[in-house]
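J.: From the sequence below, what's the structure:
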Amino acid sequence: MDGVVRNDRSGRENAAARATGAFLRSPILRDVVREDIQRRIVVTANVAGRDLRGTALEVPSAVKHTVSLPAGYDFIILFGIAIRNGIMLLTHYRHLIGQEGLDPAKAVMEGSVHRLTPVLMTALTAALALVPIVLATGQPGNEIQAPMAAVILGGLVSSTILNLLVIPPLFARFGSATRGGNHAG
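T.: Okay, the predicted model is just below:
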């Protein structure tokens, strides 16, 4: 079994690196090779006496016990998706005004059409992951998960609707004031 972990250059540990650290300390480790130029670690593990499937199933367990996620992790994801979609729309509007020379009203129309699919796909992908949890309402063990998934799903739907129906007219009304300025985004 081989694995490659790329260290991020800022020196921060990421979840995969922490999980790999736990895996590296396991007794099945055979060899670690470091290539400083590419800043990567190649892990080769010997699974003699065990089947590969059992070893592969052990890795997620090690990750689960090693990596802990914050309590409001799902809400952080929801907030990130909502903000990302809004920023994606505004950035495209500014690009159409600044680079393409369109007036704000036309930029809003064209930008909304161009970004409709990416905004919907981002929200739909996250929402599809939550649907099975919402449908499992009432089953044992889902007393907390199912209502939280329903709230997050509702948040995704409402934030997507707001991004598609509220941001464009607001930008058309107030975005022209930023046309002459040089704003990052």
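J.: Provide a complete list of residue ranges assigned to strands in this protein.
T.: Along the chain, counting by DSSP state E, strands occupy 2-6, 29-35, 40-45.
J.: Not counting residues beside it along the chain, what's closest to residue 112?
T.: Nearest non-adjacent residue to residue 112, counting by Cβ to Cβ, 6 or more residues apart in numbering: residue 168, 5.0 Å away. All C-beta spots, glycine's among them, are computed from the backbone N, C-alpha and C.
J.: Return the residues in contact with the one you found.
T.: 89, 108, 111-112 (Cβ atoms under 8 Å, 6 or more residues apart in numbering).
J.: and if you look at residue 126?
T.: By Cβ under 8 Å, 6+ apart, the neighbours of residue 126 are 77-78, 81, 156.
J.: same deal with residue 95?
T.: So residue 95 contacts residue 111 (Cβ under 8 Å, 6+ apart).
J.: any idea how far residue 143 is from the nearest residue to residue 88 once chain neighbours are set aside?
T.: Spatial nearest neighbour of residue 88, chain neighbours left out: residue 115 (5.8 Å); criterion: Cβ to Cβ, 6+ apart. Separation of residue 115 from residue 143 (Cβ to Cβ, to the nearest Å) stands at 38 Å.
J.: before we move on, what about residue 100?
T.: 52 Å.
J.: Buried residues, the helix of greatest length in the chain. List them.
T.: The helix that spans the most residues within the chain, counting by DSSP state H, is helix 104-135. Using 16 or more other Cβ atoms under 10 Å as the test for burial, helix 104-135 gives 104, 107-108, 111-112, 115, 119, 122-123, 126-127, 130, 133-134.
J.: for stretch 166-178, same thing?
T.: Going by neighbour count (16+ other Cβ under 10 Å), the buried part of stretch 166-178 is 167-168, 171-172, 175, 178.
J.: before we move on, what about stretch 97-104?
T.: 97, 102, 104.
J.: Please name the nearest non-neighbouring residue to the second one.
T.: By that I understand residue 102. Residue 102 sits nearest to residue 96 (Cβ to Cβ, 6+ apart), 4.8 Å away.
J.: What separation do you get for that neighbour and residue 67?
T.: For residue 96, the distance to residue 67 - Cβ to Cβ - is 41 Å.
J.: Tell me who's in contact with residue 150.
T.: By Cβ under 8 Å, 6+ apart, residue 150 lies in contact with 134, 137.
J.: Check the gap between it and residue 125 for me.
T.: The value you get for residue 150 to residue 125, if Cβ to Cβ is used, is 18 Å.
J.: how about the helices in the chain?
T.: 15-24, 52-66, 73-98, 104-135, 145-165, 167-174.
J.: Let me know the angle separating the longest helix of the chain from helix 73-98.
T.: When axes from the mean of the first three to the mean of the last three Cα atoms, to 10 degrees is applied, the directions of helix 104-135 and helix 73-98 differ by 160 degrees.
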